[in-house]
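*Asks:* I would like to see how this sequence folds:
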Amino acid sequence: MKAQAQAAPIIQKPDQDPLPPVVIKIGGGEEPPDGISITIDSGSVNWTDNTGPIWNEARTVLSGRIHELTLRDGDDDPDPVLCRIHPLTDALTTLTVYFEASQDDIFEIAEVPGKDSSIFMRAKSPKVPFDAKDVKPDGQWATSQATFSSPPVKVEFRQRKIGSNEDLMTFEYLIDSDVTQLNLDYQKS
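*Replies:* Now for the predicted structure:
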């Protein structure tokens, strides 16, 4: 499927060291017999939640903004899809993965406001719990995995004005492979 998206240029602060991307890998490797695995590997960006290593909702410890999505559909995809956005002070970005079984069965990573006007990423999986794999003594982790019972069918990446139901930018991609990798460029704010 040909993907279409509106994009704005990225402006990176010159004094900012880029972080490694937050990688969401769907499928691949040795799959569990009862479903499709999704692994979050966020490198040096740690996550936390208040429920321990098994979670349905967690957020990053580091504040920042999403600047880009790179999507590879298949292990040997030579032409990844690139969707760049410009973070806006009055808009938030969300990545949603939909699954075959139900539109209600979703996995989402979204920018959410903090208490002091900073922005964090929140990962949410209402029906399928994730299991943190590298929990540190302070409860933070950078790698987590879940097994979904049905394959993913669609990825949606959007930027929406705060307090509105209208998207400023929407990108949809129908997944056509057993292995998909989504990389989110998340940079300190």
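
*Asks:* where are the low-confidence patches of the protein?
*Replies:* 1-17, 29, 31-32, 102-104 (pLDDT under 70).

*Asks:* do that again at 80, thanks
*Replies:* Residue ranges of the chain with pLDDT under 80: 1-18, 28-34, 75-78, 101-104.

*Asks:* Pull the contacting residues for the residue most central in space within it.
*Replies:* Residue closest to the average C-alpha location in the chain (C-alpha atoms, centre = their mean): residue 109, at 4.2 Å. Residues near residue 109 by C-beta atoms under 8 Å, 6 or more residues apart in numbering: 22, 24, 94, 95, 121, 122, 123, 124, 184. In short, each C-beta sits where N, CA and C put it, glycine included.

*Asks:* Dump the residues you listed to TSV, plus secondary structure.
*Replies:* TSV is the format used below for these (DSSP: H, G, I helix; E, B strand; the rest coil):
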residue	secondary structure
22	strand
24	strand
94	strand
95	strand
121	strand
122	strand
123	strand
124	strand
184	strand
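
*Asks:* now the helices for this protein?
*Replies:* Assigned by DSSP state H, the chain shows no helices.

*Asks:* May I see the PyMOL selection of the buried members of the contacts of residue 109?
*Replies:* To isolate the buried ones among the contacts of residue 109 in PyMOL, judged by 16 or more other C-beta atoms under 10 Å, type:
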select buried, resi 22+24+94+95+121+122+123+124+184
